[in-house]
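Novice: Please work out how this folds:
(one chain, ligands or ions: 1)
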Amino acid sequence: MWRVWWVVVGALTLVVVEAAKLNEKQTKPRCQDMEGRQRKVCYERNRGYTALMYAIDRNTTEVFDILLRAGSIVNAVSAKGLTPLYLAVDLGNEYIVDKLLQKGADPNTVSTTGVTPLHAATYWGHQNVVEFLLEKGADPNLQEKDGFSVLHKAVYYNFPSIVDIFIEKGSRVDSQNKKGHTALIHAAEGGHTVLVDKLLKAKANPNLQDTSGKTALHWAVLKQEKEVVRSLLKACADLTIQDNRGRTVKDLAKVVRVKNKDEDLKKKVEIIKLLADHNVASCS
Ligand SMILES: *[C@@H]1O[C@H](CO)[C@@H](O)[C@H](O)[C@H]1NC(C)=O
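Specialist: Residues are numbered from 1 along each chain as shown. Purely as a prediction, here's the structure:
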């Protein structure tokens, strides 16, 4: 008798596990990109969705088209403040984004969690969608709750051509998030030399300090980004600024910890030398 029960329980467990696996296979690609970054809507799924939102969430157009023609409200808002446009942007579905914008979807709605369609498009690097949204009046200076502007996002995730677009459309290059970080600080810290040069060319101020008192140059030194240090020096970054612990960049350069002994030690020495040899008169 017991043996029969065990067989039944075993079989049921197997069915449940397989079903879960199948379910995971179906939802995973839409919840995670190639680098394993999570899609925000996957956490916030379903709460207060309209039929149109469910249709968009499937990322197919047939049902979407029918609902739109039948008069679904394009500016409906879910419990978390997500709009149909936000969902479509997040999935990178240009067809649906275009249709929604034509029907008057508002590109500047900020969700209760502080995200906007333009931030989502930037996060995923959907350049065409970024352009659609800006054409339809998306604000290039929108900020999330943490103060991240769309320019911060484009820099942080390293999308140079989207950075170009935002600069051209008038994003404020020196805007600071809640931690005081500028786009230039993010570029410096991330070692994105191309972006550092773009921002400096757009007249970003290299001397703004974050809440820890650090400038872009402090960050470049801390992260041992030699090329970024070079660019910032060329742009007349101020070497006398102290962080909240009283450290100038020269002080910091001497105390940074190196991980990989040979290579990093070489870099450290080179950066100390770059800073020591810097001739203030030569910068512009
Ligand atoms: C959604 O559909 C569009 C258009 O077919 C496609 O380009 C995009 O990659 C899809 N998004 C996801 C996350 O699968």
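Novice: give me the number of residues near the closest residue to D164 other than its chain neighbours?
Specialist: Of all residues not flanking D164 in the chain, K198 sits nearest, at 6.9 Å (Cβ to Cβ, 6 or more residues apart in numbering). Bear in mind the C-beta positions are built from the backbone N, C-alpha and C, glycine included. Close neighbours of K198, defined as other Cβ atoms under 10 Å, add up to 20.
Novice: To which secondary structure element is G137 assigned?
Specialist: Assigned by DSSP states H and E, G137 falls within no helix or strand.
Novice: Which helix or which strand is home to A55?
Specialist: Element membership for A55, per DSSP H and E: helix 51-57.
Novice: Next SSE downstream of that helix?
Specialist: Using DSSP H and E, the helix or strand that follows helix 51-57 towards the C-terminus is helix 62-69.
Novice: Could you list the domains of this structure?
Specialist: With domains defined by automatic domain parsing, the chain comprises 38-117, 140-284.
Novice: Need the pLDDT of whatever residue of the stretch 101-250 of the chain ends up closest to the ligand.
Specialist: Nearest to the ligand in the stretch 101-250 of the chain, going by Cβ to the nearest ligand atom, is W124, at a distance of 8.6 Å. Predicted confidence (pLDDT) at W124: the value is 95.
Novice: For the nearest residue to it once chain neighbours are set aside, give its distance to G125.
Specialist: Closest residue in space to W124, ignoring its immediate chain neighbours: G92 at 5.9 Å, by Cβ to Cβ, 6+ apart. For G92, the distance to G125 equals 9 Å [Cβ to Cβ, to the nearest Å].
Novice: repeat for L68
Specialist: 27 Å.
Novice: between the two, which one's more packed in?
Specialist: The neighbour comparison of L68 against G125 (other Cβ under 10 Å) goes to L68, with 20 against 17.
Novice: That one and the ligand: what is the separation?
Specialist: L68 sits 16 Å away from the ligand, taking Cβ to the nearest ligand atom, to the nearest Å as the criterion.
Novice: you'd agree that residue is up against K99?
Specialist: Yes: counting by Cβ atoms under 8 Å, L68 does reach K99; the two are 6.3 Å apart.
Novice: which residues touch the helix holding A55?
Specialist: In this structure, residues lying in contact with helix 51-57 by Cβ atoms under 8 Å, 6 or more residues apart in numbering are 41, 45, 49, 63-64, 67-68, 72-74, 76, 78, 82, 84, 87-88, 91, 93, 96.
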